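1. Give me coordinates for this.
(4 chains)
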Number of protein chains: 2
Amino acid sequence: MAQLARRLGVGTSALYNHVAGKEEVLARVRELVSDRIDTAVFDRAPFFDALLIWARSYRDAFARHPATIAVFATTALSGAARTTEMYERVVLAFLAAGWPDDDVMTTLVALENFILGAALDAVAPDEMFDLADATDAPALSRVTAAGRAAAHGRSSDASFEAGLDAILTGLRVRLARLSH
Amino acid sequence: MAQLARRLGVGTSALYNHVAGKEEVLARVRELVSDRIDTAVFDRAPFFDALLIWARSYRDAFARHPATIAVFATTALSGAARTTEMYERVVLAFLAAGWPDDDVMTTLVALENFILGAALDAVAPDEMFDLADATDAPALSRVTAAGRAAAHGRSSDASFEAGLDAILTGLRVRLARLSH
DNA sequence: ACCTGAACACCGTTCAAGT
DNA sequence: ACCTGAACACCGTTCAAGT
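-> Okay, here's the model as predicted:
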C-alpha cells in the first residue's frame, strides 16, 4: 500500500478512500490478470489447440504480476466476477469436448497447477544454480550447460512448452480413457 | 524473524548471533525440505515408477512449508548443498533412463513447475469458489459439485494425481520421440 | 468526496551494552 | 559466546482534521 501510494504521489491513508484494504487491491489485480487470459479462442479452435493457446496466455498474464502468483493460487476468489467468468468459459469448453462432469475441475485445476508453477519459474532468475556447487554435482552442471546451449532464448519458455506438450498429450489419453 | 524469535522465547535481535538474516533462515528451511524428498527410490524402482514416488514426496515436503513455496521457486539456490545433491541424484536417473543431455533440465524443471503449483494448491482452501458467484456460472458450479462428490478426500489430491499421471504419460511419449 | 498527518501495532536489521 | 534493549527505516490500517 505504501509503495502504491508513493507511485501515485499521495499519502498512504488516501488509498483507503477508494479501497477497503490491501486485499481488495489484490482482488482487483486478479481481475486485470483474468482479463488478459484468452478464452475467446475456445470459440474458434479445436479443444486441445485452444487449450494450448489459453494456457500460454494464462501463464503470460500471471507472469506480468510476479508477486501475486502465490497469493492468487492460495486465496479463494471472492468478488472476482470476471475471474469466475473466465472459469465458466473454460468449463463449457471441457464439457463440449466430451469431458465427464465429475472430472472437469480435477483436470482443470491440474492444468492450472502446472501453469502457475511455470509462471513462478518465468519470473525466477535464469541462473538457478551456482557455479560454486557445480563441482559437487557434475551431471547436474553438464546437463544444465547442454540445456542452455540447446534452448534458444529463455530456458523457462522451453520448460513451459515441454511440460505443456506432455500434459496435453496425457490429457488426450485421459479423455479417451474416460469416454471408453 | 519476529515470529520465530517469539516462538523461541527470545528477543528478535538474538537470532542474528546464529544466522545472517531472514534469507539464511529460508535457505536452511529449503535444506530441510530437500531432505524430505525421496531420491533413494531411483535406486530400487524403474524410472517412471520412481519419478511418481519422487514427485509425491516432493509435493508433500513443500506443502509442509506453505509460505516458502513461492520464495523457493523464484530464489536461486546458493549455499543449498543438500538441495543440489537432490538434483544431482534425479539428473543421474534421467540420464540412466536414456534421456538426452540437452533435454534433462528442460523436462525436470517442467515437472517441478507442476509439483510446485500443486504444492500451492495443496495449501489453498478447499472451497475456492463462492456460492455467491455460482448463479452467474451454472456450468462451473455444476462440475464443481460433481467433482467434490466424486473425489473421496481432498480434491487437491485428485488434481495432483490426475496431473501427475498426465504429465508422466506425456513424458513417456517424449522420451520415445527423443530417442527415435 | 477526497486528502493530510499523526498514531498504532507491526516488520527486519544494527549496534552498544551487558553476562 | 550469546543475550537484551534501544534505535532505525520500513509496513498496513485507523481516525480526526482539513478542503
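2. near DNA strand C, which residues of chain A?
-> A:10-14, A:17-18 (C-beta under 7 Å from any atom of the strand). Any C-beta I mention is one placed from the backbone N, CA and C, and that applies to glycine too.
3. is the lowest-mean-pLDDT helix or strand in chain A anywhere near chain B?
-> Every helix and strand of chain A was ranked by mean pLDDT, DSSP states H and E. The lowest is helix A:69-74, at a mean of 76. Yes. Helix A:69-74 comes into contact with chain B (C-beta under 8 Å from any C-beta of the partner chain), by way of A:69-70, A:73-74.
4. Who are the packing partners of the helix or strand following that helix?
-> Next along the chain after helix A:69-74, taking DSSP states H and E as the criterion, comes helix A:81-96. On a contact count with 3 or more C-beta pairs under 8 Å, 6 or more residues apart in numbering or on different chains; DSSP states H and E, helix A:81-96 meets helix A:22-35, helix A:41-44, helix A:47-63, helix A:101-122, helix B:138-150.
5. between the helix or strand following the last one and helix A:101-122, how many degrees?
-> The element immediately downstream of helix B:138-150 (helix or strand, assigned by DSSP H and E) is helix B:155-178. Using axes from the mean of the first three to the mean of the last three C-alpha atoms, to 10 degrees, the interaxial angle of helix B:155-178 with respect to helix A:101-122 works out to 70 degrees.
6. Distance from helix B:155-178 to the middle of the chain?
-> Centre-to-centre, helix B:155-178 and its host chain are 14 Å apart (C-alpha atoms, centre = their mean, to the nearest Å).
7. wait, does it contact chain A?
-> Yes. For helix B:155-178, a contact with chain A is found by C-beta under 8 Å from any C-beta, at B:155-156, B:158-160, B:162-163, B:165-171, B:173-174.
8. Make a PyMOL selection of the buried ones in those residues.
-> Selecting only the buried entries of the residues of helix B:155-178 next to chain A in PyMOL, with 16 or more other C-beta atoms under 10 Å in any protein chain shown as the criterion:
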select buried, chain B and resi 155+156+158+159+160+162+163+165+166+167+168+169+170+171+173+174
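9. and which of the residues of helix B:155-178 next to chain A is nearest B:Pro125?
-> Of all the residues of helix B:155-178 next to chain A, B:Ser156 has the smallest distance to B:Pro125: 9.9 Å, by C-beta to C-beta.
10. That closest one touches B:Pro125, doesn't it?
-> No. The criterion here is C-beta atoms under 8 Å, and B:Ser156 misses it with B:Pro125 at 9.9 Å.
11. Just name the closest of the residues of helix A:69-74 next to chain B to DNA strand D, please.
-> Nearest to DNA strand D out of those is A:Ala70 (C-beta to the nearest atom of the strand; 15.3 Å).
12. and the nearest residue to that closest one once chain neighbours are set aside, how many neighbours?
-> In space, and not counting its chain neighbours, A:Ala70 is closest to B:Ala70: 3.4 Å by C-beta to C-beta, 6 or more residues apart in numbering or on different chains. Other residues within reach of B:Ala70, judged by other C-beta atoms under 10 Å in any protein chain shown, total 23.
13. show me the contacts for B:Ala70.
-> Taking C-beta atoms under 8 Å, 6 or more residues apart in numbering or on different chains, we find B:Ala70 in contact with A:69-70, A:120, B:120.
14. low pLDDT regions in chain A?
-> A:76-79, A:128-133 (pLDDT under 70).
15. Distance of the residue lying farthest from the centre of chain A relative to B:Ser34?
-> The C-alpha centroid of chain A is most remote from A:Thr135, which lies 34.2 Å away (C-alpha atoms, centre = their mean). Distance of A:Thr135 to B:Ser34, given as C-beta to C-beta, to the nearest Å: 19 Å.
16. what's the answer for A:Val41, then?
-> Distance, A:Val41 to B:Ser34, by C-beta to C-beta: 39 Å.
17. So the two - more neighbours on which side?
-> Between A:Val41 and B:Ser34, B:Ser34 has the larger neighbour count (other C-beta under 10 Å), namely 22 against 18.
18. In contact with that one, which residues?
-> Here B:Ser34 is in contact with B:61, B:80, B:82-83, B:85-86 (criterion: C-beta under 8 Å, 6+ apart).
19. Can you select the buried ones among the residues you listed for me in ChimeraX?
-> Command for ChimeraX that selects the buried part of these, burial taken from 16+ other C-beta under 10 Å:
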select /B:61,80,83,85,86
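20. on that earlier part again, so can I have CSV of the residues of chain A next to DNA strand C showing neighbour count and secondary structure?
-> Converted to CSV, the residues of chain A next to DNA strand C look like this (neighbours: other C-beta atoms under 10 Å in any protein chain shown; DSSP: H, G, I helix; E, B strand; the rest coil):
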residue, neighbour count, secondary structure
A:Val10, 12, coil
A:Gly11, 10, coil
A:Thr12, 13, helix
A:Ser13, 9, helix
A:Ala14, 11, helix
A:Asn17, 7, helix
A:His18, 8, coil
